[in-house]
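# Coordinates for the following, if possible.
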Amino acid sequence: MSTVYFATSNQYKFDEFTRLFALSKVDLRQIVLDISEIQTMDYASIAEAKSVEAYRQTGMPIMTEVCGIGIDALDGFPSGLNRSFWETLGPKVSTITNAIGSAAHADVWLSICDGRRIHHSSETSRGQIAPAPSSQGTFHLDQVFIPEGASKTLADMDTTERDFHSYRAKVVPNMAKLLKSLGVV
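Coordinates of the predicted model:
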């Protein structure tokens with residue numbers, strides 16, 4: 001199994017990605033870095049800035065992740081502005097979307113900078129915002145997002161069901177192929 005370093009301080013996120021990458025024979029190692037996330041709706045800009053900063057801090061390729069949710073009735077808002085959005089609204093997101101429309105999408109970007117170029121893999125998963133947030137889990141997006149084809153939030157799913165429906169599960173095989181083509185793994 002090949003090793004890739006992944007920058008995150010979120011253990012929940014790291015555990016999920018570790019399970020998912022293991023299926024592609026990639027061993028993730030967590031590295032905690034202090035990386036500020038720029039505030040923009042443009043995921044590509046956020047992903048680029050995070051991967052460049054991870055490389056700058058360590059001098060080696062470090063995979064980073066950006067994820068967020070876009071609400072259709074809000075023209076895709078908050079997208080990359082998730083942190084401020086969740087800190088401000090929290091569980092009110094369900095109440096708001098029930099009033100204006102609950103259709104949504106979850107986006108995830110994995111990126112790695114090799115010192116010369118930035119490489120990305122991204123995926124979007126359709127779904128809806130739950131009528132009320134789940135009391136399970138700790139990750140805000142997973143507490144409210146019900147993926148298309150599912151009847152409950154990601155936070156309410158067991159690990160097997162979650163790994164099947166997760167927006168992160170969709171991006172991992174493509175990123176594993178990209179890492180192999182780059183000779184990172």
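# In this structure residue 114 contacts residue 182, no?
Yes: applying Cβ atoms under 8 Å, one finds residue 114 in contact with residue 182, separated by 6.7 Å. For glycine as for every other residue, the C-beta is placed from the backbone atoms N, C-alpha and C.
# What's opposite the spatially most central residue of the chain in the beta bridge?
Nearest to the mean C-alpha position of the chain, by Cα atoms, centre = their mean, lies residue 67 at 3.3 Å. Beta-bridge partners of residue 67, counted by DSSP bridges, are residue 108.
# Report the helix or strand with the lowest average pLDDT across the protein.
Taking all helices and strands of the chain together, the one with the lowest average confidence (mean pLDDT, DSSP states H and E) is helix 82-89, at a mean of 86.
# Strands of the protein, residue ranges please.
2-7, 26-31, 63-71, 103-113, 118-129, 145-147 (DSSP state E).
# Mean pLDDT and distance to residue 14 added to those, as a markdown table?
Formatted as a markdown table, the strands of the chain follow (pLDDT from 0 to 100; distance: least, Cβ to Cβ, whole Å):
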| stretch | mean pLDDT | distance to residue 14 |
| --- | --- | --- |
| strand 2-7 | 92 | 7 |
| strand 26-31 | 95 | 5 |
| strand 63-71 | 95 | 10 |
| strand 103-113 | 96 | 13 |
| strand 118-129 | 96 | 18 |
| strand 145-147 | 96 | 19 |
